[in-house]
Each structure stands twice: as C-alpha cells, then as structure tokens.
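Participant: Structure, please.
(one chain, ligands or ions: 2)
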Amino acid sequence: MTRGIRIAPSILSADLTRLGEQVALVAAGGADWLHVDVMDGRFVPNLTFGANMVAALKKLSDLPIDVHLMVLEPEHYIAPMADAGAASLTFHPEATIHVQRQLAAIRQRGMKAGLALNPATPLGRAEEVAGDLDLLLIMTVNPGFGGQSYLPASDSKIKRARALLGAHGRDAYLEVDGGITSDTIAAAHAAGADTFVAGQAVFGARDPGAQVKELRRRCGVAV
Ligand code: DX5
Ligand code: ZN
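Facilitator: Ligands and ions are numbered 1, 2, ... in the order given. This is a model prediction of the structure:
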C-alpha cells in the first residue's frame with residue numbers, strides 16, 4: 001500500500017441546486033475522486049441518480065468519477081456508465097448471479113472494476129474474484145442513505161480485507177463508504193483503507209473544501 005490516500009466526496013449529500021459550485025469547492029480542496037451513489041429503490045430503499053448524473057459531472061470536472069451501483073442486475077448499467085464517462089464501477093455481489101462476468105465486462109469497457117460488501121456480507125464473497133478486482137469497497141454503514149454512523153465492527157473487516165488483497169497480490173484500492181468523518185477516518189485508515197467516501201462530513205460542512213483537507217490531514221498526510 002504505497003500509493004497514498006484518496007478522498008471521494010459523495011454527491012449524494014451535495015446541494016444539487018448548486019452542483020457546479022459544490023464540485024468546484026471540493027476540487028479546490030483536493031478531492032481525488034467524485035463518488036456517485038446510484039440507487040434503484042429495490043436493492044436499497046432509496047432512489048437517486050443514473051448515468052445522466054455522471055455525464056453532467058464530466059462536464060463540470062476532470063476528477064475521476066467513482067460510481068457505486070446499489071441496484072439489482074448491475075449488468076444493465078455497465079455500458080451506459082462507460083459511455084457517460086465513469087472511471088470506476090462498483091456493484092454488490094448479491095445483486096447479480098454472475099459476479100466474475102460483470103467484473104470482466106466492466107474492465108473490458110475500460111473502467112476499474114469494484115465489488116462492494118454490505119456490513120453483513122462476509123469478506124469471503126470477494127475471495128474467489130480477488131484477482132479480478134481493481135477496487136474492493138467495504139460498506140461501513142448499511143447502504144441507502146447518507147449521514148449514518150460508522151459501524152465500529154468495520155475496523156476488523158477492513159483489516160481482513162487488506163490481508164485478503166495482499167494474499168492475492170492485488171494492488172486494488174480498498175475503499176470505505178459510510179459514516180466517514182474527521183472522527184472515524186483515522187481508524188479506517190489505520191485498519192488499511194486507502195480510499196474514503198464522505199458525503200455528509202464534506203457537503204454538510206460550512207467549507208467543503210477545507211473539510212476534504214481536514215479528512216486527509218486526519219490520515220496523517222500533509223496537506
Ligand atoms: C450510502 C452511500 C454512501 C453515502 C455516504 O448508501 O453508499 O456513499 O453517500 O454518506 P455519508 O458519508 O454521509 O455516510
Ligand atoms: Zn456509496
């Protein structure tokens with residue numbers, strides 16, 4: 001794990017009436033990726049954005065767009081998200097029958113392929129496909145909504161996830177998502193996470209750009 005850390009503000013908590021301004025603020029604060037939560041009202045009890053949000057963000061910013069699919073049958077979204085300009089595409093293993101096939105299809109379309117594990121989903125769901133992962137996302141809340149509290153049991157799972165990736169010689173990103181704040185980020189980082197999604201902590205702050213810097217600082221990285 002040598003490539004530093006990434007902060008990925010989640011657009012879910014942005015003020016959509018000022019999307020351009022909000023993106024500019026986090027970009028100026030040093031955000032690395034923009035995280036887009038796609039929810040279908042079936043895999044999770046909430047409904048959000050589609051590929052049109054990714055296309056809009058592409059016009060607003062050069063930052064890589066990290067798409068998190070919380071949808072059933074993610075296979076239907078691979079081509080549209082690639083066409084819209086997503087840099088990485090992550091889905092949940094419960095949402096599709098052929099996990100390895102979807103990972104391969106995502107990579108074939110030139111995106112980083114990610115698998116996301118809910119708090120109750122065993123790490124073993126990632127084991128057989130560890131060699132196919134560019135990114136492993138450990139959910140640190142139950143997905144569906146922003147502004148929830150970090151589940152303390154996550155630290156142990158992050159550690160085991162880091163060991164799993166190491167055992168397979170994978171230099172994949174280890175991302176955490178949910179309840180990441182200036183209070184929780186250090187523990188997740190110490191456990192081995194290198195990529196941090198933050199919604200409410202960033203966009204709920206008075207100064208979202210400063211908050212991105214603060215999150216990075218809490219990981220012990222100079223800003
Ligand atoms: C939750 C989403 C998250 C969400 C995180 O279902 O996957 O990406 O935006 O929001 P915070 O950081 O507010 O917990
Ligand atoms: Zn997310």
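Participant: Could you use CA atoms for every contact and neighbour count after this?
Facilitator: Noted.
Participant: pLDDT below threshold where in the chain?
Facilitator: By pLDDT under 70, the weakly predicted segments of the chain are 1-3.
Participant: Break down it into its helices, ranges please.
Facilitator: Using DSSP state H, the helices found in the chain span residues 19-28, 51-60, 78-84, 99-108, 124-127, 154-167, 185-191, 200-203, 208-218.
Participant: now those helices in CSV, with distance to ligand 1?
Facilitator: As requested, the helices of the chain are exported to CSV (distance: least, Cα to the nearest ligand atom, whole Å):
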stretch, distance to ligand 1
helix 19-28, 14
helix 51-60, 14
helix 78-84, 17
helix 99-108, 19
helix 124-127, 18
helix 154-167, 13
helix 185-191, 11
helix 200-203, 4
helix 208-218, 12
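Participant: and the ones you listed, which is most packed in?
Facilitator: Mean neighbours per residue, mean count of other Cα atoms under 10 Å, is largest over the helices of the chain for helix 200-203, with a mean of 24.
Participant: Can you name every helix or strand that it contacts?
Facilitator: Counting by 3 or more Cα pairs under 8 Å, 6 or more residues apart in numbering; DSSP states H and E, the packing neighbours recorded for helix 200-203 are helix 208-218.
Participant: Neighbours of the residue lying closest to residue 45 once chain neighbours are set aside, how many?
Facilitator: Leaving out its chain neighbours, the residue that sits closest to residue 45 by Cα to Cα, 6 or more residues apart in numbering is residue 144, at 6.1 Å. Residues near residue 144, counting by other Cα atoms under 10 Å, number 19.
Participant: same thing with residue 135?
Facilitator: 23.
Participant: hang on, the earlier thing: need the contact list for the residue nearest to residue 45.
Facilitator: Contact analysis of residue 144 by Cα atoms under 8 Å, 6 or more residues apart in numbering lists 39, 44, 45, 46, 70.
Participant: Cross-check the contact I'm expecting between the last one and residue 94.
Facilitator: No. Between residue 70 and residue 94 there is no contact, the gap being 10.1 Å when judged by Cα atoms under 8 Å.
Participant: And those two? Which one has more around it.
Facilitator: The residue with more neighbours, out of residue 70 and residue 94, is residue 70; 26 against 17, by other Cα under 10 Å.
Participant: what's across from the more buried one in the sheet?
Facilitator: Under DSSP bridges, the beta-bridge partners of residue 70 are residue 39.
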